[in-house]
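>>> Everything below, folded, please.
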Amino acid sequence: MTVKTEVAVIGGGATGVGVARDLAMRGVDVTLLERGAGLNAGTSGRSHGVLHSGARYAESDPEGAADCLQENRILREIAPASIDDAGGLFVRLADDDPDYFRRKLDACREVGMEPTLLDAQELRERVPDIAEGVERGFAVPDGVVSPARLVAATAASAREHGASIHTDARVADIDAGTGSSKRLTVRVDDGPTIAADAVVNAAGPWAGEVAAMAGAELGMRPTRGVMVAVDYADLGPVLNRCREPADGDIVVPHGEQVVLGTTSVAVDDPDEFERADWEVDRTVEECAAMLPALADAAIERTYWGLRPLYEPDELDRGGRGISRDFALVGHDAAPGLVSVVGGKLTTYRRMAEAVADRVCGDLGVDDPCRTAAEPLPGADEPERLDELVREFGAVGPADSDVVR
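Numbers count the residues shown, from 1 in each chain. As a prediction, this is how the structure comes out:
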C-alpha cells in the first residue's frame, strides 16, 4: 500500500514533532515516522532537561545564546505546565578562572539576560549545601523542562492540525525519485510506502544513516553523555559551574532527585556504544565539588544520551563544541530531502520553524509560522499532559521520576 503525503518527517523527538506541528499549522499534509514504540525515544528523552537561558553559550556563541533566551521565554508562554521555573545559578569555585567568570557575566548582559551578581553568602542563602570554596556567582533565568510532556503536547498539536503520526515505523529505504518523478518514496518495515514531495530527516544521531538510505552523505559526529540521578531533595535552582566546558559541570533539580551531567565522548554507532563506569564516577565527583552532599547520595538511575552533532561544525570548534547550534542541510544527491542536525531541546521550536520555512519555500506555501503564538494542548494542565505522554508512549529517562 502506498500513502501519499506532501511531507514525510523522519524522527519523533522534539525536532521532528516540532516540524510536523509547524508544517501542519501552515496547511501542509504531513506524515511523521518514528522507528521506536513511542515518541521521545532518542536524544530528547535522554537529556538533562534544562530549559537554557543561553548563559551556557553566551561568551562562545552570543547569537545562539540570544536564541536560547528568546525561546526560553516563548516556551514559558506556550507550554507552562511542561516547565519548572527553577531559575539557575552559575558559580565560581576557588580554583576556577576569575577572568572566565567575568567574560561569562559580561556576555550574559550583552545578550539582554540581566543576570544578578551574588556573593558567597547570597549563594549559600539560595543553596545552603553549596561548597565552602564557592566565591561568587550570578543568577540567570534557567528552568527545567519535561521532554516527555513537551514532545507529547507538540505531537498532539500536530495531530489536531491534521498531521498523521506513526510509531513502530522504521524506515528501511528512501528512493529519491527517478526520471521525471520528483517525489521521494519512503519504505517502512512492515508498513506502508510513503510517497512525498519532500522528506525531512530529523533522526538525530541516526540522521547520517537516514541520509545514506537516499544515496546522500551527511557527516555526523555524535557524542555520548551520562546523566546520573541521585537522591537530593529541594535543590532549587539549576546549578552550573562557571568554567570552560568540562565533565560534571551541571546539577539539575528533579523533584526529590537531582540529575548530574555530563560527559562528552565520541561514538561510532548510535545503537551500540560503551557505557563506561568512569563517566559516572567522574560526573559525581565533579558535581560534588559544587555540592559536596552529592558525593554520598544514593544513585537512583543512570542513563546515557547522544548529541546529534554535525561533523563540520564540531571540527571547526576543535572537538568538544559548546555552541550546539543546528544546521539545515540540503542534498544534491536526493532533491527534496532536508536534514536538520545539532541544536538543543530549548530551541526545538525555532529549529522546526527554520525547517518549515525552507520546506514551504520549496513547496510554494506562503503561510507564516504561528507556533510561537499558539499555546500547546494542555499548556497549563499537567494531568492532561501526562495522559498525552502515555498515549504517545513518550515517557523517557529524563523525566520518568516526575511524569505521573
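>>> Just give the nearest non-adjacent residue to Leu376, would you?
Closest residue in space to Leu376, ignoring its immediate chain neighbours: Ala153 at 4.0 Å, by C-beta to C-beta, 6 or more residues apart in numbering. Where you see a C-beta, it was placed from the backbone N, CA and C, and this is true even at glycine.
>>> in what helix or strand does that neighbour lie?
Under the criterion of DSSP states H and E, Ala153 resides in helix 147-160.
>>> and whichever helix or strand comes after that helix, what does it pack onto?
Following helix 147-160 in sequence order, the next helix or strand is strand 164-166 (DSSP H and E). For strand 164-166, the elements it packs on are strand 30-33, helix 147-160, judged by 3 or more C-beta pairs under 8 Å, 6 or more residues apart in numbering; DSSP states H and E.
>>> JSON lines please, covering those and showing mean pLDDT.
Formatted as JSON lines, those follow (pLDDT from 0 to 100):
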{"stretch": "strand 30-33", "mean pLDDT": "98"}
{"stretch": "helix 147-160", "mean pLDDT": "98"}
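>>> Please convert the ones you listed to TSV, extending it with distance to Ala8 and mean neighbour count.
Formatted as TSV, those follow (distance: least, C-beta to C-beta, whole Å; neighbours: other C-beta atoms under 10 Å):
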stretch	distance to Ala8	mean neighbour count
strand 30-33	5	27
helix 147-160	13	27
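>>> my guess is the residue nearest to Leu376 meets Leu385, correct?
Yes. Checked against C-beta atoms under 8 Å, the pair Ala153 and Leu385 is within contact range at 5.8 Å.
>>> Can you pull the residues that touch both of the two?
Counting by C-beta atoms under 8 Å, 6 or more residues apart in numbering, the contacts common to Ala153 and Leu385 are Ser82, Gly378.
>>> picking up where we left off before, could the helices and strands packed on strand 164-166 be laid out in CSV, adding distance to Asn40?
Listed next are these as CSV, based on distance: least, C-beta to C-beta, whole Å:
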stretch, distance to Asn40
strand 30-33, 13
helix 147-160, 4
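>>> how many neighbours does Ser164 have?
17 (other C-beta atoms under 10 Å).
>>> Now do it, the pLDDT please.
pLDDT, Ser164: 98.
>>> can I assume it is in contact with Leu33?
No. Here Ser164 lies out of contact with Leu33, judged by C-beta under 8 Å, at a distance of 9.5 Å.
>>> need the helices for the protein, in chain order.
14-25, 62-78, 98-110, 120-126, 147-160, 207-213, 277-290, 311-317, 348-363, 382-391 (DSSP state H).
>>> Contacts for the third one next, please.
Residues external to helix 98-110 that are found in contact with it (C-beta under 8 Å, 6+ apart): 53-55, 58-59, 62, 65, 90, 92, 115, 117, 136, 138, 140, 242-244.
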